[in-house]
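*Asks:* Kindly return the folded structure for what I paste below:
(one chain, ligands or ions: 2)
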Amino acid sequence: VETITIATVRGTSHIMVGERWQDLLRHIPARRPVVITDVNVDALYPLNVICEDVITIGSGERLQTLDTIRDVYQRLMALEVDRSCFLVGIGGGVVCDITGFVATTFLRGLRFGFIATTLLAQVDAAIGGKNGVNMDGFKNMIGTFNPPEFVICDTNLLQTLPVREVQNGFAEIIKHAAIADAALFAFLEQHHQSARALDDEVIAKLVVDSVRIKSSIVTADETENGLRRILNFGHTLGHALERTAGLAHGEAVSRGMAAAAALSVRRGMLADNERQRLQTLLEAFQLPVALETGDAEKICRALRQDKKREGRRIHFVWLEKIGKAVVKPIALRELEELIHDISRRASS
Ligand code: ADP
Ligand code: ZN
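*Replies:* Residues are numbered from 1 along each chain as shown. Ligands and ions are numbered 1, 2, ... in the order given. Okay, the predicted model is just below:
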């Protein structure tokens, strides 16, 4: 078990990679545990061996809303949960987000931790202390910053994960390597086959490295004013595609990263062979990279509607080389022109 400790002003998280879910109780103080999970995880794993009180929600991001939060509050009240209880979210990003939000607000705050059961949650969603729910189709409009006391990343749990969900995790791992770790990027280039076969040693290394990268970025910038923005690499365009084209998160981010790299080349910030390396790696992981007909228009429309946009400029994440991203603002109009430009070149 490798433990990475993230200390922030809001509290300390211990991320344990390789710990088994069955050993949860070792990490919970002598308090009554209450588990929040989703129907799929509940059906696959006998969680009642570690906890009597299991609250189950439906699965999928569609359920990441205030209605689900209200349901969970009601279940907690029915279970007579008090401030001495300890909440444990066992699931992917959706379960972790809901558990974090509920634990922060119910009775003005309960202690909580996670068992992350998806690759995406292990390398990204469960790390950093953000939680939230969606509102009217917009992501994470409501939420808080509050870190879990621990995250157990049991890589054995990934064996039951559908391939498409595994892909979501690989997209974020490649993102971490591209923005901050050239050595990890080279490792991925060498070991993509064993990674995709979920070789335990390779996956454990990828999770540990990803957690280190993300945690060092979020500790350096706890409230997302500066550095943390580089974690949005591929996401400004990716989110736009995800909402309009119905793609999985990883597929959208993969296309977003390929496009952001192409934009970086167009602006003279990135050498084309570095862009090509990123594209080749994404393709080796069977992630999509091409913008399709109509995507440019969809992206631009979504960018104009982006609720989190500050005025006419966008803080865009550019790639300077493999292992280094920078954030520089660009006028929305200029960005739109560039997007149309790269999509014209791609299709000609
Ligand atoms: P993410 O971590 O991708 O944000 P979700 O919480 O939406 O994800 O989980 C993705 C899907 O995978 C959900 O349908 C969830 O029920 C399912 N799931 C989560 N963990 C596992 C697992 N270990 N094995 C199989 N399915 C899982
Ligand atoms: Zn993401």
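*Asks:* Going by C-alpha atoms from here, please, whenever you check contacts or count neighbours.
*Replies:* Noted.
*Asks:* residues from this protein in reach of ligand 1?
*Replies:* With C-alpha under 6 Å from any ligand atom as the criterion, the chain meets ligand 1 at residues 38, 40-41, 59-61, 91-95, 117-118, 120-121, 157-158, 160-161, 165.
*Asks:* Could you tell me which of the residues you listed count as buried?
*Replies:* Neighbour counting by 16 or more other C-alpha atoms under 10 Å classes 38, 41, 59, 91-95, 117-118, 120-121, 157-158, 165 among the residues of the chain next to ligand 1 as buried.
*Asks:* Now intersect those residues with the strands, please.
*Replies:* With strands taken from DSSP state E, the overlap with those comprises Asp38, Gly91.
*Asks:* Residue ranges in the stretch 201-348 of the chain under the pLDDT threshold?
*Replies:* Applying pLDDT under 70 to the stretch 201-348 of the chain flags residues 222-225, 307-310, 348.
*Asks:* Smallest gap between it and ligand 1, at which residue?
*Replies:* Closest contact between the stretch 201-348 of the chain and ligand 1, by C-alpha to the nearest ligand atom, is at His249 (7.7 Å).
*Asks:* Val35: what secondary structure?
*Replies:* strand (DSSP: H, G, I helix; E, B strand; the rest coil).
*Asks:* Does Val202 belong to a helix, a strand or coil?
*Replies:* Per three-state DSSP, Val202 ends up helix.
*Asks:* Pull up the gap between the closest residue to it other than its chain neighbours and ligand 1, please.
*Replies:* Spatial nearest neighbour of Val202, excluding adjacent residues (C-alpha to C-alpha, 6 or more residues apart in numbering): Ala195 at 5.9 Å. Ala195 is 17 Å from ligand 1, where distance means C-alpha to the nearest ligand atom, to the nearest Å.
*Asks:* Surely Ala195 is in contact with Ile203?
*Replies:* Yes. Between Ala195 and Ile203 there is a contact under C-alpha atoms under 8 Å: 6.0 Å.
*Asks:* quick one: contacts for Ala204?
*Replies:* By C-alpha atoms under 8 Å, 6 or more residues apart in numbering, the contact list for Ala204 reads Val17, Gly18, Thr155.
*Asks:* And for the last one, nearest residue in space, chain neighbours not counted?
*Replies:* Here the nearest residue to Thr155 in space, its sequence neighbours aside, is Gly18; by C-alpha to C-alpha, 6+ apart that works out to 6.0 Å.
*Asks:* Can you tell me the closest non-neighbouring residue to Leu66?
*Replies:* Val133 (6.6 Å).
*Asks:* Next, the one you found: phi, psi?
*Replies:* phi -130, psi 160 (degrees, to the nearest 10).
*Asks:* same deal with the one 10 residues further on?
*Replies:* The phi and psi torsions at Gly143 (degrees, to the nearest 10) take the values phi 180, psi -170.
*Asks:* What's the separation between it and Phe101?
*Replies:* In this view, Gly143 and Phe101 are 6 Å apart by C-alpha to C-alpha, to the nearest Å.
*Asks:* And the two? Which one has more around it.
*Replies:* Phe101 (22 against 18; other C-alpha atoms under 10 Å).
*Asks:* which SSE is the more buried one in?
*Replies:* Take DSSP states H and E as the rule and Phe101 turns out to sit in helix 93-105.
*Asks:* Which residues are in contact with the residue nearest to Ser13 when sequence neighbours are not counted?
*Replies:* In this structure, Ser13 finds its nearest non-sequential neighbour in Glu149, 4.6 Å apart by C-alpha to C-alpha, 6+ apart. Shown in contact with Glu149 (C-alpha under 8 Å, 6+ apart): Gly11, Thr12, Ser13, His14, Arg111, Phe112, Gly113.
*Asks:* so the residue nearest to Leu66 touches Asp97, yeah?
*Replies:* Yes. Under the criterion of C-alpha under 8 Å, Val133 makes contact with Asp97 at 7.2 Å.
*Asks:* so what sits against both of the two?
*Replies:* Common neighbours of Val133 and Asp97, using C-alpha under 8 Å, 6+ apart, are Gln64.
*Asks:* rewinding a little: sitting in strands, which of the contacts of Glu149 do you find?
*Replies:* Going by DSSP E, the strands hold Gly11, Thr12, Ser13, His14, Arg111, Phe112, Gly113 from these.
*Asks:* in the sheet, who's paired with the last one?
*Replies:* On the basis of DSSP bridges, Gly113 is bridged to Val88.
*Asks:* That one against Gly91, yeah?
*Replies:* No. Gly113 lies out of contact with Gly91 (C-alpha under 8 Å); the separation is 11.4 Å.
*Asks:* Pretty sure Trp318 sits in a strand.
*Replies:* Yes. Under three-state DSSP, Trp318 falls within a strand.
*Asks:* list the contacts for it?
*Replies:* Applying C-alpha under 8 Å, 6+ apart to Trp318 gives the contacts Phe233, Ala260, Ala261, Leu263, Ser264, Met269, Ala325, Val326, Val327, Lys328.
*Asks:* So which residues of this structure form helices?
*Replies:* For the chain, the helices defined by DSSP state H occupy 39-44, 66-78, 93-105, 119-120, 163-180, 182-196, 200-220, 235-245, 249-266, 272-284, 295-305, 332-347.
*Asks:* Phi first, then psi, for the residue nearest to Thr155.
*Replies:* Given degrees, to the nearest 10, the pair of backbone angles that Gly18 has is phi 100, psi -10.
*Asks:* tally of neighbours for it?
*Replies:* Gly18 has 20 nearby residues by other C-alpha under 10 Å.
*Asks:* for it, what are its contacts?
*Replies:* Val1, Glu2, Ile152, Cys153, Asp154, Thr155, Ala204.
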